[in-house]
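Q: The amino acid sequence is not available; the structure is as follows:
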């Protein structure tokens with residue numbers, strides 16, 4: 001029998017009301033589970049996108065304790081799924097900053113991984129007056145993370161990380177077969193680059209990519225791109241949510257992944273290495 005598993009990505013348009021966002025996240029997780037998902041990925045900042053970026057600091061939790069971590073653990077346990085918890089703000093070494101932490105919980109509600117976003121979004125968007133300085137409030141991580149799951153080896157990345165293929169090569173070298181990418185791409189960058197980047201990371205790494213995004217208008221005036229999607233190792237889009245809240249689910253076929261990697265072994269054909 002072929003080994004197949006259903007994976008799901010959740011798309012939200014989170015606001016400043018944490019309780020309302022958690023209720024919406026729970027509703028969408030339930031929807032994904034009803035569609036058969038065993039692994040669910042939430043978007044970046046699923047619990048809150050406030051009027052000001054500093055609102056994230058008010059939500060900082062110590063590692064291992066706090067309502068956001070409790071919500072993720074309870075949801076994973078309640079629905080008996082593996083849950084990639086988007087990002088939540090955890091305490092940083094710098095008391096004026098937070099870590100953008102992506103936590104993974106298994107189907108018993110146990111935390112099995114933590115990845116802190118490495119690449120921070122410090123940009124001025126071309127042709128726009130939008131300006132972002134994540135490094136003012138976020139302390140970057142430094143360690144790529146890959147974990148074993150019942151569905152295959154899972155590598156973690158967050159949003160702006162998508163633009164740095166050397167990170168994904170490090171994940172593949174550590175055995176990753178599935179790549180989870182919680183995100184909140186802006187409307188401007190998303191329209192130009194979101195789908196090409198997600199598909200490129202799938203194609204060049206011969207991996208499944210589950211990219212869950214924010215999608216809609218936020219009270220801060222920011223607009224996020226949405227179009228959360230699941231892509232297979234050949235670059236085909238298996239499922240997608242265009243705009244607004246919703247879920248997309250697709251089947252992860254391990255035999256297909258293995259066959260593509262055997263017959264089209266581009267990973268082993270590499271001749272140059274990136275020092276990270």
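A: Sure, I can see it. The shown structure was predicted, so the numbers you read here are calculated from the model rather than taken from an experiment. Numbers count the residues shown, from 1 in each chain.

Q: burial of the closest residue to residue 189 other than its chain neighbours, as a residue count?
A: What sits nearest to residue 189 in space, not counting adjacent residues and going by C-beta to C-beta, 6 or more residues apart in numbering, is residue 125, at 6.7 Å. C-beta: built from backbone N, CA, C; applies to glycine. For residue 125, the count of nearby residues is 14 (other C-beta atoms under 10 Å).

Q: Surely residue 125 and residue 131 touch.
A: Yes: between residue 125 and residue 131 a contact is recorded at 7.4 Å, counting by C-beta atoms under 8 Å.

Q: And the residue positioned nearest the centre of the chain, how far from residue 102?
A: Centroid check for the chain by C-alpha atoms, centre = their mean gives residue 182 as the closest residue, at 1.8 Å. Residue 182 sits 6 Å away from residue 102, going by C-beta to C-beta, to the nearest Å.

Q: in the stretch 101-250 of the chain, which spans are strands?
A: Ranges of strands within the stretch 101-250 of the chain are 111-116, 122-124, 131-133, 146-149, 152-156, 178-183, 208-213, 215-217, 223-225, 228-231, 237-241, 246-253, based on DSSP state E, counting those that start in this stretch.

Q: same for the third one, what does it pack against?
A: Right, strand 131-133. strand 122-124 (3 or more C-beta pairs under 8 Å, 6 or more residues apart in numbering; DSSP states H and E).

Q: Please report the distance of the spatially closest residue to residue 172 that is not a sequence neighbour from residue 178.
A: Spatial nearest neighbour of residue 172, excluding adjacent residues (C-beta to C-beta, 6+ apart): residue 205 at 4.8 Å. Residue 205 is 10 Å from residue 178, where distance means C-beta to C-beta.

Q: between these two, which one's more packed in?
A: More crowded of residue 205 and residue 178, by other C-beta under 10 Å: residue 178, with 27 against 22.
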